[in-house]
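J.: requesting a structural model of the entry that follows:
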Amino acid sequence: MINFGMHVQLLLPDLFWPDQSTDEIYAGLELPVLERLLAKGRQTIGIAAEAPASAEDWLGERFGLEPEAGWPIAPCSLLADGGEPGAHHWLCADPVHLRLEGGRLMLADSGVFAISQQEAEAIADSLNAHFAGDGLLFYPLRPERWYLRLAQAPALQTTPLAQAAGRSIAALLPRGADAALWHARLNEIQMLLHGHAVNERRESAGALAINSVWLWGGGSLPKGLPAAFNAIWSRDPYAAGLAQAARVASRPLPDDASVLLAAGAGSGVHLVVLDQLRAAAQYGDAQGWRDALLQLERGWFAPLLAALKQERIGMLSLHALGPAGTLTCEVTGGDLRRFWRRAKPLAHYA
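T.: The predicted structure follows:
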């Protein structure tokens, strides 16, 4: 049955390599499907100063949230992880490893170390005992995702973990009127975790110590969100939580587009958050980034192009986020017949 109503939108963080001075990373990348889609579609470019800088920014804007208040990543992610945010204020308090490198404290997140639920709960119990008089409660709902419930909202601006991973934290620590208090609390946390029994066992086994937490994404669960999409397919808890808060269908990200095309048959707007490039981009893993991009070409771009040709979907939109800004490209089946628009290599758009 021909379907003219289904609109698939792909959100693609880090489609462009973060270091704009390194064109060599694109050399030899064979991406004929992606390059054809970008060439045939109608493009809109947003420069970095005006366009969303991250997936969190992009999602927040689509759901009508106000950036001045900060994106409520913690309560939305908590909701997606099975928690009950209630009316409380929450912060993400994710376990991290800090290491001194060339005089700088560099941050590694759970993408480069494993942590068990038992270890997470043991550390959280120690933190809760230490901060019992301050009205702070740590909730390790997932081994790699912890949440902090606060008695009241602090005056803080924070940096998303995805933007801090693999980098020096000196300029990325919480800012704002309450920053000094929270810097002191982070120092207390690091002192408490230094020599913690969990970390002693981890280091004896050759694993990285969990020697700090990263605080970010504070807020309360928003209400009355618009249903910006009919369904969201994602492994990102913030996206899934926004979907739940807006009463939008939230579905796990499949390995490739075949599941989406089978389960999503019909009309409506389906957002797919393809964040497979993010980890490699964070840690400067050029080969990992190239490999992940080729997998997206095979598993997502190629089958979606075929679905456009077969009119199984009516429109495909690509929202590419990179250091220079955003590139949005909308493609319909009719656009594919624009033979005079020649494909250009991905580096051309970067």
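
J.: low-confidence stretches in the stretch 251-350 of the chain?
T.: Residue ranges of the stretch 251-350 of the chain with pLDDT under 70: 264-266.

J.: go again with 50.
T.: Nowhere does the stretch 251-350 of the chain drop to pLDDT under 50.

J.: tell me the helices in the stretch 251-350 of the chain, going along the chain?
T.: 257-263, 278-282, 286-296, 302-309, 346-349 (DSSP state H, counting those that start in this stretch).

J.: what helices or strands is the longest one leaning on?
T.: Other elements packing on helix 286-296 under the criterion 3 or more C-beta pairs under 8 Å, 6 or more residues apart in numbering; DSSP states H and E are helix 278-282. The C-beta positions use only the backbone N, C-alpha and C, and glycine is treated the same way.

J.: need the residues that contact the helix it packs on.
T.: Helix 278-282 is contacted from outside by 13-14, 17-18, 55, 111, 162, 165-166, 285-286, 288-289, 291-292, using C-beta atoms under 8 Å, 6 or more residues apart in numbering.

J.: separate out the buried members of these.
T.: 13-14, 17, 55, 162, 165-166, 289, 292 (16 or more other C-beta atoms under 10 Å).

J.: next, format these as JSON lines and append secondary structure and distance to E24.
T.: Listed next are the buried ones among the contacts of helix 278-282 as JSON lines, based on DSSP: H, G, I helix; E, B strand; the rest coil; distance: C-beta to C-beta, whole Å:
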{"residue": "P13", "secondary structure": "strand", "distance to E24": "22"}
{"residue": "D14", "secondary structure": "coil", "distance to E24": "17"}
{"residue": "W17", "secondary structure": "coil", "distance to E24": "10"}
{"residue": "A55", "secondary structure": "helix", "distance to E24": "26"}
{"residue": "A162", "secondary structure": "helix", "distance to E24": "24"}
{"residue": "A165", "secondary structure": "coil", "distance to E24": "23"}
{"residue": "G166", "secondary structure": "coil", "distance to E24": "20"}
{"residue": "W289", "secondary structure": "helix", "distance to E24": "13"}
{"residue": "A292", "secondary structure": "helix", "distance to E24": "18"}
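
J.: what bridges to V8?
T.: V8 has the following beta-bridge partners by DSSP bridges: H270, L316.

J.: for it, which residues are in contact?
T.: With C-beta under 8 Å, 6+ apart, V8 has these contacts: 260, 264, 270, 272, 304, 307, 313, 315-317.

J.: where do the strands sit along the stretch 151-300 of the chain?
T.: Along the stretch 151-300 of the chain, counting by DSSP state E, counting those that start in this stretch, strands occupy 212-219, 231-234, 249-252, 268-273.

J.: would JSON lines of the ones you listed with mean neighbour count and distance to T332 be doable?
T.: Below are these laid out as JSON lines (neighbours: other C-beta atoms under 10 Å; distance: least, C-beta to C-beta, whole Å):
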{"stretch": "strand 212-219", "mean neighbour count": "24", "distance to T332": "36"}
{"stretch": "strand 231-234", "mean neighbour count": "24", "distance to T332": "20"}
{"stretch": "strand 249-252", "mean neighbour count": "16", "distance to T332": "24"}
{"stretch": "strand 268-273", "mean neighbour count": "21", "distance to T332": "14"}
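
J.: would TSV of those strands with distance to L327 be doable?
T.: Converted to TSV, the strands of the stretch 151-300 of the chain look like this (distance: least, C-beta to C-beta, whole Å):
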stretch	distance to L327
strand 212-219	26
strand 231-234	20
strand 249-252	26
strand 268-273	16
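
J.: re earlier: switch the buried ones among the contacts of helix 278-282 over to JSON lines; also include distance to G103.
T.: Formatted as JSON lines, the buried ones among the contacts of helix 278-282 follow (distance: C-beta to C-beta, whole Å):
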{"residue": "P13", "distance to G103": "30"}
{"residue": "D14", "distance to G103": "28"}
{"residue": "W17", "distance to G103": "27"}
{"residue": "A55", "distance to G103": "31"}
{"residue": "A162", "distance to G103": "24"}
{"residue": "A165", "distance to G103": "19"}
{"residue": "G166", "distance to G103": "17"}
{"residue": "W289", "distance to G103": "28"}
{"residue": "A292", "distance to G103": "32"}
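
J.: relative to P140, which of the contacts of helix 278-282 is nearest.
T.: If you rank the contacts of helix 278-282 by distance to P140 using C-beta to C-beta, G111 comes first, at 17.1 Å.

J.: make sure the closest one is actually in contact with A165.
T.: Yes - with contact defined as C-beta atoms under 8 Å, G111 reaches A165; the gap is 6.8 Å.

J.: that older thread, so which of the contacts of V8 comes closest to P323?
T.: Nearest to P323 among the contacts of V8 is S317, at 21.0 Å by C-beta to C-beta.
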